[in-house]
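> With the sequence up front, the predicted model follows.
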Amino acid sequence: MSECCGVNAQDKEQRTLLWTVLLLNGAMFLVEFIAGWLAQSSGLMADSLDMLADAMVYMVGLYAVGKAIQYKAKAALFNGSLQLFLAGLILLDVVQRLIFGSEPQTQIMLWISLLALAVNLFCFILLSRYRSGDINMRASWICSRNDMIANVGVMISAGLVIWLDSAIPDLVIAIIIALVIVQSSLKIVKESRGILKDHNKPKPSCCG
């Protein structure tokens, strides 16, 4: 009975945590997406889609809390596939800006990415205790870690845009963010497929 209560308490704690980081990432997605559009910044747009991907990770994580391991793995597989799609959208935006050109507004890039870094650092600290938990909680922690790296990258690219008087650094950081998302999502997909494969293996018979 006490073990069951402990599990329920942990599930409730995880749900509260995931709702918190979901709402924060959802809000920052809207802020960064609008700012990236106005600033003509592929880096900010990429970072905003990264935040959207994270919000979806947390949403699927909420679904998976308390579920059996095969449902957790299926949720993670869906997550990884969705992130690959978002990475493709980022690369399409880069191609579009390479063709038609852009003039990134560096002040907006700097201030918005700094705000995003603060939000992601807060989420990272909240999720740190679960970095060795189930596949969906690990995925959530990995997302926050990658986001902080992306935020710093956008700030560096803004400085390089000013220094070089070129939009290329902004496009480069967008490509890097897309590749980081691809790398992380492939890792999640591989791990979740492995879990599903092990779960679907025929169980040895106890008779005979």
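Yep, it's here.
> Can you point out the buried residues in stretch 129-148?
130, 134-148 (16 or more other CB atoms under 10 Å). C-betas here are computed from N, CA, C, even on glycine.
> Quick one: distance of whatever helix or strand residue 122 lives in to the chain centre.
Using DSSP states H and E, residue 122 sits in helix 106-127. Chain-centre distance of helix 106-127: 13 Å, with CA atoms, centre = their mean, to the nearest Å.
> continuing past that helix, what's the next helix or strand?
helix 135-164.
> I figured residue 108 hits residue 43, correct?
No. Using CB atoms under 8 Å, residue 108 makes no contact with residue 43, being 10.8 Å away.
> the more surrounded of these two?
residue 43 (34 against 17; other CB atoms under 10 Å).
> Would you mind listing the buried residues in the longest helix seen in the chain?
The longest helix of the chain (DSSP state H) is helix 2-39. Neighbour counts over helix 2-39 (16+ other CB under 10 Å) mark 14, 17-18, 21-22, 24-26, 28-29, 31-33, 35-36, 39 as buried.
> go on, stretch 62-81?
62, 64, 65, 72, 73, 74, 75, 76, 77, 78, 79, 80.
> Which ones among those lie within helices?
Using DSSP H, the buried residues of stretch 62-81 in helices are 62, 64, 72, 73, 74, 75, 76, 77, 78, 79, 80.
> Any idea which residue is closest to the centre of this structure?
residue 54 (3.3 Å; CA atoms, centre = their mean).
> closest to residue 48 among the buried residues of stretch 129-148?
residue 147 (10.8 Å; CB to CB).
> what residues are up against residue 21?
Listed by CB atoms under 8 Å, 6 or more residues apart in numbering, the contact partners of residue 21 are 54, 58, 123, 126, 127, 140, 144.
> Any chance of these in CSV with distance to residue 197 as columns?
As requested, the contacts of residue 21 are arranged in CSV below (distance: CB to CB, whole Å):
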residue, distance to residue 197
54, 27
58, 26
123, 31
126, 32
127, 27
140, 23
144, 28
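> tell me the angle the lowest-mean-pLDDT helix or strand in the chain makes with helix 135-164.
Least confident helix or strand of the chain, by mean pLDDT, DSSP states H and E, is helix 2-39 with a mean of 82. Taking axes from the mean of the first three to the mean of the last three CA atoms, to 10 degrees, one finds helix 2-39 and helix 135-164 inclined to each other by 20 degrees.
> orientation of helix 2-39 relative to helix 106-127 in degrees?
Using the same axes, to 10 degrees: helix 2-39 against helix 106-127 is 180 degrees.
> May I have the predicted confidence score for the nearest residue to residue 109 once chain neighbours are set aside?
Leaving aside its sequence neighbours, residue 109 sits nearest to residue 158 (CB to CB, 6 or more residues apart in numbering; 4.0 Å). With respect to pLDDT, residue 158 has a value of 94.
> One more: residue 165?
At residue 165, pLDDT is 92.
> What about it, how many residues nearby?
7.
> same deal with residue 191?
17.
> Tell me how far stretch 156-175 lies from the chain's centre.
Centre-to-centre, stretch 156-175 and its host chain are 22 Å apart (CA atoms, centre = their mean).
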